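Novice: From the sequence below, what's the structure:
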Amino acid sequence: MQTKNMEEVDFQSLLGDLSLEEKISLLSGRNFVSTPGVPRVGIPPLKTVDSVNGIRPIDFHGELTTACFPNTACLASTWNADLLERLGQQIAQQASYKHAQIVLGPTINIHRDPRAGRNFECFSEDPLLSGHLGAAVVNGIQSKGVGACPKHFVCNDSETFRHYYNVNESPDGRPLREIYLAAWQQLLQKAKPVAVMTAYNKVNGTYCCENEDLIEKILRKEWGFDGAVMSDWFGTRSTVQAIKAGLDLEMPFPIFRGKKLLKAIESGEVSEQTIDARVAKVLQLRNKTRPSHGEGPETSKITEESNAIAREAASEGVVLLKNSNNTLPLDVSGALKIAVIGEYGQRPILTGGGSASCKPQYRQIPHELLREAHKSLENVQYSAGVRTRVFVPMAESDILTAQSGQKGVDVSYFNDDSTEPLLTETLDIARVFMLGDYEKGLKMPGSRLEMSTSLVPKSTGTHLLAVRHSGAFSLKIDGAEVLSGSTPDITTEEFLFRLLKYETRIEFPMKAGQAYQVHLTMQSREPMVGEPTPYSATLCFEEEYSEKDVIAEAVDLASKSDVSLVYAGRNEQHESEGFDMDHITLPDNQTALVKAVAAASKKTVVLLHCGSPIDVSSFEADVDAIINMHFPGQEGPRAVVDVLTGRVNPSGRLATTWFKTLEDWPSFGHFPCKKTEKGEVGICYKEGLEVGYRASDRNNRIRWPFGYGLSYTSFAYDDLSTKVNRSSSPWTLNASVRVTNTGSRPGKEVVQVHVLPPRDASVWRPQRELKGFTKISLEPEESKVVEVEMDLVSACSYWDEVKNEWKMDQGEYRAEVAGHNASFTL
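Specialist: Numbering: from 1, shown residues only. Model prediction:
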């Protein structure tokens, strides 16, 4: 069969041509990103890529870039499904530059607790908003022939012990159905993704990858999902149980399949009929995507269309949280003196960490953009403020010189039984990174690497030297050992995401301009079981600085300015896949910086980088304005400047409630996972249905509510009416309201429809629940009649735990829009 006509091939029709061994090979990946093909019959491999916020290359530690879009929580704050569908099309285009057929996303887990490490790459605390916006992204991606694989099905809402924890006590019944599964149900009502990825964790005692109730009974039979189901990476837990439960594809390697699956078939534990059903789904993936994208060199292309949509999404996702006395927008047409303070004003944080992170095609510098926007360039000045770090940064190449004079380091690789290097190379960064793909001939274990360079500090002081190492190491300076460490006890996942766990550091006095000869030796480690073994060493360096002095410098600049813009928040070291946060206050003494600047400045604006709420209690009253700018992607810094200067009217609305303190969250005390006396790992969703704004007794503990966001204009609502349409299938609830822009600026408004249950409901119901929304644009004094159509069953039902079905109580319901109510009776 000729692959040049692959677009016309029905790959499922080739099932009967495959041998049993070939069928089995198709049910697991062949490497970190791809599934195998069967060249004999013309079946091509499939390539998967992360993710919605930017398409990562195979070598995700390499230099290849991609268009970096805003993080998913920022996308959710746009409340704009049309925009997200257009953005999905650009994601697909970027995937094609990497020759990929499937994008691993979007992430459809719920913002249950603000400490969750991956909240930034999830949409919301609300299932309807998550599902509808997730569907928009999926539809956009798949409209261009690239497949989307939403993840992680289901309740993967914490990173602590994420491979093992069991979601117990609750949810079962209503919370599981009405919140955690509901987000997926909403998505699948509006989109048909080619695949779904299962979660690592257990639900009700069974791992999601082998949970027949979730995969076969609910996902496939009840909801009618006809796509493939794949595991998360190293997320398969069994051979027989998982394949019988409906897991089609094990990624990334055949740990539980391959020979183990063949043996299970031969013993009669798994039938070939079951194998055929799973293979059919995997072949169907090739029918639903574009095999002609094929394999080839990955590229990165900057396009005007992609940048424009990235900028639009970032600007619509900006949420103006506070704006006392119309501090914003800034008038940059005159002599306004602006102080830009904080290292994020020089090095903006564009993404969170983990598999959702990516290397942007460029990085805009906020204080330079403000200078461009200002009429008087000299009236915008910058001060770095405090450093925000979790671990010591990799040594910068500009202070490192290899033996040849090239900037960087020399690295030689030796097998222990040889004195001659297997390979010698010069790298422009001070890092060696291998994960399963080792240099040819390198023994694992039984080898070592040696890294050498000349390091010249820029300042005199007691500086930080560190090594991040996968094996035992020795670090020498000018021939004397100054630091050493043993092989760290880490998993591959910890190696990827928890860098601090294998970092060893020392303070070392150095003089500015003096060359220090640095020599690092590291041994390989014993192979890991069931996962690739890391072989990596990073030389890290940071020069000493005085926090007191940099705060004083920032205060001095603020005192001479009319307004101070403090860029603060978290970075990819604080919010990441692989771990949860311990607290939600500003990290690394940024609070002291904000308060000191606010005390000295005439006006202070705080711009927060974050994917999850931050406790602003300690400084909220001291500052004049607060902006949530999220992790806004490569066009984000310009988008934020557009909002600051009034070029764009902010229209973002919170997709998650910001309670006043961590203790106010309904999940507090039940997050993260805990080990029992028996060594079992469990997480209790004891708040049940009271997730975020659904909590019944916390209104006075909310700082900024779900759906909140300020504008530079104002809107008025009137003439709200509702109508139940029983002639449509399914029945719909239609809400109509007139919205008027009563201000002097054009603006966008998010019309949010909440449904309130009957006062005499037969079971406890949240006071109100979001059941529909839309976003509109209005010129000053313009009015529009807005209609929002909702599925009646979804809008009014609860899950009957006894009958295991959706149920609507009879009675008077109310629809609420911006404080206006309209009743309807069922």
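
Novice: Run through the neighbouring helices and strands of the helix or strand where Leu262 lies.
Specialist: In the assignment (DSSP states H and E), Leu262 maps to helix 259-266. On a contact count with 3 or more C-beta pairs under 8 Å, 6 or more residues apart in numbering; DSSP states H and E, helix 259-266 meets helix 20-25, helix 272-288. To be clear about C-beta, it is placed using only N, CA and C from the backbone, and glycine gets the same treatment.

Novice: For Val550, give me phi and psi.
Specialist: The phi and psi values for Val550, taken as degrees, to the nearest 10, are phi -70, psi -30.

Novice: Would you mind confirming that it is in contact with Gly385?
Specialist: Yes. Proximity of Val550 to Gly385 meets the contact threshold set by C-beta atoms under 8 Å, at 5.9 Å.

Novice: Between the two, tell me which one has more neighbours.
Specialist: In this comparison of Val550 against Gly385, neighbours counted by other C-beta atoms under 10 Å, the higher total goes to Gly385 at 31 against 18.

Novice: residue contacts, that one?
Specialist: With contacts defined as C-beta atoms under 8 Å, 6 or more residues apart in numbering, Gly385 is in contact with 341-343, 550-551, 554, 566, 590, 593.

Novice: Which of those are buried, as a PyMOL select command?
Specialist: A single PyMOL command selects the buried members of the contacts of Gly385 (16 or more other C-beta atoms under 10 Å):
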select buried, resi 341+342+343+550+551+554+566+590+593
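
Novice: domain parsing for this structure?
Specialist: Per the record's domain assignment (automatic domain parsing), the chain is made up of the domains 315-390+547-691+699-704, 409-542, 715-825.

Novice: Tell me which of those sits most buried.
Specialist: Between the domains of the chain, the one whose residues have the most neighbours on average, counting mean count of other C-beta atoms under 10 Å, is domain 315-390+547-691+699-704 (a mean of 21).

Novice: Let me know which of the domains of the chain is the nearest to Trp223.
Specialist: Taking C-beta to C-beta as the criterion, domain 715-825 is the member of these that comes nearest to Trp223, at 12.5 Å.

Novice: For the closest one, measure first residue to last.
Specialist: One end of domain 715-825 sits 29 Å from the other (C-alpha to C-alpha, to the nearest Å).

Novice: returning to that earlier point: would you mind writing the CA trace of the helix holding Leu262 as CSV?
Specialist: The C-alpha trace of helix 259-266 is given here as CSV (Å, rounded to 0.1, in the frame of the first residue of the first chain):
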residue,chain,number,x,y,z
LYS,A,259,4.9,-9.6,25.7
LYS,A,260,2.7,-9.5,28.9
LEU,A,261,-0.4,-8.9,26.8
LEU,A,262,0.5,-11.7,24.4
LYS,A,263,0.9,-14.0,27.3
ALA,A,264,-2.5,-13.0,28.7
ILE,A,265,-4.1,-13.8,25.3
GLU,A,266,-2.3,-17.2,25.1
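
Novice: what's the angle between that helix and helix 272-288?
Specialist: Counting by axes from the mean of the first three to the mean of the last three C-alpha atoms, to 10 degrees, helix 259-266 points 130 degrees away from the direction of helix 272-288.

Novice: Run the chain-centre distance for helix 259-266.
Specialist: With C-alpha atoms, centre = their mean, to the nearest Å as the basis, helix 259-266 stands 37 Å off its chain's centre.

Novice: State the mean pLDDT of the host helix or strand of Ser306.
Specialist: Secondary-structure element containing Ser306, defined by DSSP H and E: helix 304-317. Helix 304-317 comes out with an average pLDDT of 98.

Novice: Next, the buried residues of that helix.
Specialist: Within helix 304-317, the residues that qualify as buried are 306-307, 309-317, counting by 16+ other C-beta under 10 Å.

Novice: Whichever helix or strand comes after it - contacts with which helices or strands?
Specialist: On the C-terminal side of helix 304-317, the nearest following helix or strand under DSSP H and E is strand 319-323. Using 3+ C-beta pairs under 8 Å, 6+ apart, the elements in contact with strand 319-323 are strand 625-628.

Novice: What strands line up against the strand it packs on, and which way round?
Specialist: The strands that strand 625-628 pairs with in its sheet are strand 319-323 (antiparallel), strand 604-609 (parallel) (by DSSP bridges).

Novice: Make a markdown table out of those and add distance to Trp704.
Specialist: Below are these laid out as a markdown table (distance: least, C-beta to C-beta, whole Å):
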| stretch | distance to Trp704 |
| --- | --- |
| strand 319-323 | 6 |
| strand 604-609 | 12 |
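
Novice: quick revisit: for the domains of the chain, which one sits closest to Asp213?
Specialist: Distance to Asp213, taken as C-beta to C-beta, is lowest for domain 715-825 among the domains of the chain, at 11.0 Å.

Novice: mind listing the helices for the stretch 651-800 of the chain?
Specialist: Counting by DSSP state H, counting those that start in this stretch, the segments of the stretch 651-800 of the chain that form helices are 792-796.

Novice: Okay, now the unreliable bits of it?
Specialist: Per-residue confidence of the stretch 651-800 of the chain (counting by pLDDT under 70) places no residue in a weak region.

Novice: Kindly report the same for the stretch 101-250 of the chain.
Specialist: In the stretch 101-250 of the chain (pLDDT under 70), the answer is 169-172.
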